[in-house]
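J.: Sequence and predicted structure below; questions after.
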Amino acid sequence: MLNMITIKLYELIWLHKLRYQAAEATDISKATISKLVKVENIDVKLSTINKLCNYFKCDIKDIVEYKPD
């Protein structure tokens, strides 16, 4: 049985319409933001999650979701 951790950045980006502004404001590359938005297989550093939480003024649960299979 596999558990799944997903990145929910698409919802935040869509809600705020800030894909490239988020990249510029957080010093996270546009390529990384795009991979996170597209939910591609990517290892995410905690520092990246921290930057996104600070930028969007949200909790980690608004960006990362754990779903047991």
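T.: Ah, there it is. Numbers count the residues shown, from 1 in each chain.

J.: what number of residues lie near the closest residue to residue 6 other than its chain neighbours?
T.: Nearest residue to residue 6, sequence neighbours excluded (C-beta to C-beta, 6 or more residues apart in numbering): residue 65, at 5.0 Å. No exception for glycine: its C-beta is placed from N, CA and C like everyone else's. Counted with other C-beta atoms under 10 Å, residues neighbouring residue 65 total 12.

J.: ok now the one helix or strand residue 65 maps to, how far from the chain's centre?
T.: Applying DSSP states H and E as the criterion places residue 65 in strand 64-68. How far strand 64-68 lies from its chain's middle: 13 Å, per C-alpha atoms, centre = their mean, to the nearest Å.

J.: Can you point out the buried residues in that strand?
T.: Buried positions in strand 64-68, judged by neighbour count with 16 or more other C-beta atoms under 10 Å: residue 64.

J.: How about stretch 46-57?
T.: Under 16+ other C-beta under 10 Å, the buried positions of stretch 46-57 are 48-49, 51-53, 55-56.
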